[in-house]
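# structure for this input, please:
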Amino acid sequence: MLRMRITTMMLVLALAAVACSDEVGGREARLQRASQGLCDAQVHAFEANVRRAAAVFDAESHAFLHELAADLEDIDRAAAANLLEAKQRVERALVDPIRSDPQEVILLLAGLQRALGEAAEATGLPAPLCRNGAS
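Below is the predicted model:
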């Protein structure tokens, strides 16, 4: 019984150490995933599939944009506001994907991608890059 408790305690400590050491890496990975979601949404909008662009934006990018803006509030309020405003413009354009102009959506997503890059820089994260293809 004592051996099981010690083993469990060691496992908990090991997981905590990995979580702490991976916090930046995890955040960088989430940044890259959110950025790639914006890239993929642009591809879908370019293909005139705004409905799919909206789904990818919601699934891959939306939540992280809120998290990053909240983290940014104490560091650079202007960058946080810029990120949130760009996100809101995209959200307004995607409210009714069937009636949305794909070209406008592409431009708005590109603006949001720029705002995301500026926000990443302000928080000390590396600039996100798009890989080829869409999900």
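# show me what contacts F64?
30-31, 33-34 (Cβ atoms under 8 Å, 6 or more residues apart in numbering). No exception for glycine: its C-beta is placed from N, CA and C like everyone else's.
# show me which of those residues are buried.
By neighbour count, with 16 or more other Cβ atoms under 10 Å, those hold 30-31, 34 as buried.
# ok, for A119, nearest residue in space, not its chain neighbours?
Sequence neighbours aside, L83 is the residue nearest to A119 in space, at 4.6 Å (criterion: Cβ to Cβ, 6 or more residues apart in numbering).
# quick check: which element contains A54?
Secondary structure assignment for A54, by DSSP states H and E: helix 50-56.
# can you tell me the average pLDDT over that helix?
For helix 50-56, the mean per-residue pLDDT is 97.
# from the contacts of F64, which two are the most distant?
Within the contacts of F64, L31 and R33 form the most distant pair, 7.3 Å apart (Cβ to Cβ).
# find the centremost residue of the protein, please.
With distances taken as Cα atoms, centre = their mean, A34 lies nearest the centre of the chain, 2.7 Å away.
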